[in-house]
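[1] one predicted model, sequence on top.
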Amino acid sequence: MRTSSVRCLLAAMSALCITLVSCAPKPEAPTGEKKGLLVGFSQIGAESGWRTAETKSIREEAEKRGITLRFSDAQQKQVNQVTALNAFIAEGVDAIILAPVVKDGWEPMLKKARDAKIPVILVDRGVTVSDDSLYTTLIAADFVEEGRLAGEWLAKKTGGKCNIVELQGTPGADPAIERKKGFDEAIAKYPGMKIIRSQSGDFTRTNGKEVMEAFLKVDASNIQAVYAHNDDMGLGAIQAIREAGLKPGTDILVVSIDGEKDAFQAMVDGSLNATVECNPLLGPAAFDAVEAALAGKPLPKKTVVKSTLYDQSQAAEAIGGRKY
Ligand code: GZL
């Protein structure tokens, strides 16, 4: 081919390329590329395996969507969450994700966020406010239902007769209040079921163990069952029961809430009797809500995350599929 013909062919080919490129749809932003959103996440702490799994889910989802996350661990103190929210507002974040440690005392802070036009997405725990437009949406489980499931399971297992000790969550926290309510409602139908002692273990394994040790010291022969508001406290109680020379799961029944892998292992081992799964993998739902809110799309006031009870008969089969 002559040089001039080659030149012509190349020119024609490059013109075609330019046309094709300009008509092609814009490529999607590759995963991990920054879209420019800045979101503040005020987390309660790292008191339980459940909490750690929730943090991981939110961090991973932010990363996946190319969202910059400001993360703050409040070490279970509302005052630290207020400081974090003030810092997020001062920095001008696009949205705030808040897991509130307790239900009350949020109005001034939420008003401040609303005045700054920053949507607040509540994850995993609710708040008490006079005006629910102060937050955008809540993504959480039905804690009353979880307590009820635990109570009904225990009633069935014991034929409606047993003395129970209760390990409550953090005082004033949504799941502590509601899980108590649901359990109380369920056992109220059985005159033979009584809560003989009840105390907070602050949702931690260490405190759950300590409180259970104290219960056992004064009442060991009288306790037939433990109801723990989360798995970590239940697992702490199991250690205390063992150290007191008793067999957890047999001498004293243990039922808790969360569905952590450790709880499934304890069910396989026979020391935990049942757990109610409460899914902590809230990252995708939380950022869907953030993006919808920023796009001005309507959101439900509450999205209920489903809770399911598992007992020892299902544990061996289910443990392999546990994600937290
Ligand atoms: C439930 C969550 C509770 C978990 C605990 O949504 O708030 O807090 O049950 C956790 O394990 O610490």
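    Perfect, I can see it now.

[2] where along the stretch 151-300 of the chain do the helices fall?
    Assigned by DSSP state H, counting those that start in this stretch, the helices in the stretch 151-300 of the chain fall at 174-187, 205-219, 231-243, 261-269, 283-294.

[3] would you confirm that residue 206 contacts residue 237?
    No - Residue 206 lies out of contact with residue 237 (CB atoms under 8 Å); the separation is 11.4 Å. (Glycine included, C-beta is placed from N, CA and C.)

[4] neighbour count: those two, which is higher?
    Set residue 206 next to residue 237 and count neighbours by other CB atoms under 10 Å: residue 237 wins out with 31 against 14.

[5] save the helices of the stretch 151-300 of the chain as a markdown table, and put in mean pLDDT and distance to residue 313 too.
    Listed next are the helices of the stretch 151-300 of the chain as a markdown table, based on pLDDT from 0 to 100; distance: least, CB to CB, whole Å:
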| stretch | mean pLDDT | distance to residue 313 |
| --- | --- | --- |
| helix 174-187 | 98 | 20 |
| helix 205-219 | 97 | 25 |
| helix 231-243 | 98 | 18 |
| helix 261-269 | 98 | 9 |
| helix 283-294 | 98 | 30 |
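
[6] which one of these is the most hemmed in?
    helix 231-243 (a mean of 25; mean count of other CB atoms under 10 Å).

[7] mind exporting that helix as CSV, just the C-alpha atoms?
    Written as CSV, here are the backbone C-alpha positions of helix 231-243 (Å, rounded to 0.1, in the frame of the first residue of the first chain):
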residue,chain,number,x,y,z
ASP,A,231,-24.5,-12.8,73.9
ASP,A,232,-21.4,-11.3,75.5
MET,A,233,-23.1,-11.0,78.9
GLY,A,234,-24.5,-14.5,78.4
LEU,A,235,-21.0,-15.9,77.6
GLY,A,236,-19.6,-14.1,80.7
ALA,A,237,-22.4,-15.7,82.8
ILE,A,238,-21.5,-19.1,81.4
GLN,A,239,-17.9,-18.7,82.6
ALA,A,240,-19.2,-17.7,86.1
ILE,A,241,-21.5,-20.7,86.2
ARG,A,242,-18.6,-23.0,85.2
GLU,A,243,-16.3,-21.5,87.8
